[in-house]
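here you go, sequence then predicted model.
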Amino acid sequence: MNPDALRMHGRILDQIAEIYRTGMVHGADGAAYSIMPASVTPERGRFLADLCRAEHALATLEIGMAWGLSTLFILEALAENGAPPRAHVVADPFQFSRWHGAALCMVREAGADHMLEFHEQPSEILLPRLLAEQRIFDFAFIDGNHRFDAVFLDLVFVHRLLKPGGLMVLDDAWFDPVYLACRFAETNLGYAPVADFADQARRDRGAHRRPLMRAYRKPLQEAPRDVFHFVPFFDGVDDRQMALERRLRDEGTAALAAGDRIAARRALLEALRLNPRRLKTWSRLLRTFLPVPAARDPADRARGAAGDQARGAR
């Protein structure tokens, strides 16, 4: 590290230590704000910094800034890596409206604001623009909107912005929407998990068996995918199970149409055992308990009624 980078590295570490010591940050309005419960813990921050440092990352991306602790940890690693100015790109549309500009103030106080490229924009607006500019990143941290549609969109665009072999870290990987996005990265994009941050005490109590944070390696080559190739990424269902459920449902429907309600009931119950959430299967099962005329498919009844009317007209 050159002397300037060494001094900045020390200032960032001092700033991090002071924030955790006081539990407070100061906003652009001069007011003090508690960092809890919305900040990364020191252990999670070090997990991020260690990964970024080990990657020798020189270009990094972060979605979601909040009070700025994760940003400072990443900047600390970038300073050690000898990264150039504006090496760290951050998207946070709520930095001023919700977080009072505190993260930017903390970065400025640490003397690292020249390393930051901040965008007060939603990630779904910024990331496509970065892609159009052909930006490439070594390391990305996704910690923005945790709703499934948002985190899934972040993951897809970050995947396109990350260099082959680059590292992607997702916070709150235990949370269902984030967990499903992680599963998609593994099953359909070929990402391999390389490191987890887990709270062992919580795991011992039976809580949060999924990791709190998970790091993934992007494959060096794109996973083979075409318009027909899709791997289910939600728990408990795979291609064979889906095919079996479909076959049993079709068998039950055919048996019901043939008037064999016992065989229909048996097949439909097996289909529901595989997937108890499919309403169409429940509807067909219910028809196996109805009198024979009512058990016919509504479309069949409608066609039969139309035929009766046509015969009457003749």
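Looks like it arrived, so ask away.

hey, let's count contacts and neighbours off CA atoms from now on
Fine.

contacts only, for Leu269.
Leu285 (CA atoms under 8 Å, 6 or more residues apart in numbering).

what's the distance between it and Asn275?
In this view, Leu269 and Asn275 are 10 Å apart by CA to CA, to the nearest Å.

just the strands in the stretch 51-200 of the chain please.
Remark: strands assigned in the stretch 51-200 of the chain by DSSP state E, counting those that start in this stretch are 60-63, 88-91, 116-119, 137-142, 162-171, 192-197.

rebuild those as CSV, extending it with mean pLDDT, mean neighbour count and distance to Met36.
As requested, those are exported to CSV (pLDDT from 0 to 100; neighbours: other CA atoms under 10 Å; distance: least, CA to CA, whole Å):
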stretch, mean pLDDT, mean neighbour count, distance to Met36
strand 60-63, 98, 25, 19
strand 88-91, 98, 23, 21
strand 116-119, 98, 17, 23
strand 137-142, 98, 24, 19
strand 162-171, 97, 22, 16
strand 192-197, 95, 16, 19
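
select, out of these, the one closest to Pro42.
With CA to CA as the criterion, Pro42 lies closest to strand 192-197 of the strands of the stretch 51-200 of the chain, at 12.0 Å.

who are the packing partners of the closest one?
strand 213-217 (3 or more CA pairs under 8 Å, 6 or more residues apart in numbering; DSSP states H and E).

and the strand it packs on, how far out from the chain middle?
Remark: strand 213-217 is offset 11 Å from the chain centroid, using CA atoms, centre = their mean, to the nearest Å.

who does that strand pair up with?
Taking DSSP bridges as the criterion, strand 213-217 forms sheet pairs with strand 162-171 (antiparallel), strand 192-197 (antiparallel).

out of these, nearest to Ala215?
Comparison of those against Ala215 by CA to CA identifies strand 162-171 as nearest, at 4.2 Å.

any idea of the angle that closest one forms with strand 137-142?
If you take axes from the mean of the first three to the mean of the last three CA atoms, to 10 degrees, strand 162-171 sits at 20 degrees to strand 137-142.

contacting residues around strand 162-171?
Outside strand 162-171, the residues that touch it by CA under 8 Å, 6+ apart are 55, 136-143, 178, 182, 212-221.

could you provide the strands of the stretch 51-200 of the chain in JSON lines, with additional columns for distance to Pro128?
Output for the strands of the stretch 51-200 of the chain, formatted as JSON lines (distance: least, CA to CA, whole Å):
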{"stretch": "strand 60-63", "distance to Pro128": "13"}
{"stretch": "strand 88-91", "distance to Pro128": "12"}
{"stretch": "strand 116-119", "distance to Pro128": "13"}
{"stretch": "strand 137-142", "distance to Pro128": "14"}
{"stretch": "strand 162-171", "distance to Pro128": "13"}
{"stretch": "strand 192-197", "distance to Pro128": "24"}
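
what's the closest of those to Asp29?
Among the strands of the stretch 51-200 of the chain, the nearest to Asp29 by CA to CA is strand 116-119 (18.7 Å).

could you dump that closest one to PDB, C-alpha only?
Extracted C-alpha coordinates of strand 116-119, given in PDB (Å, rounded to 0.1, in the frame of the first residue of the first chain):
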ATOM      1  CA  LEU A 116     -17.200   6.200  -4.200                       C
ATOM      2  CA  GLU A 117     -19.600   6.600  -7.100                       C
ATOM      3  CA  PHE A 118     -23.000   7.100  -5.600                       C
ATOM      4  CA  HIS A 119     -26.300   7.000  -7.400                       C
END
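
strands paired with that strand, and their directions?
Note on strand 116-119: by DSSP bridges, its sheet partners are strand 88-91 (parallel).
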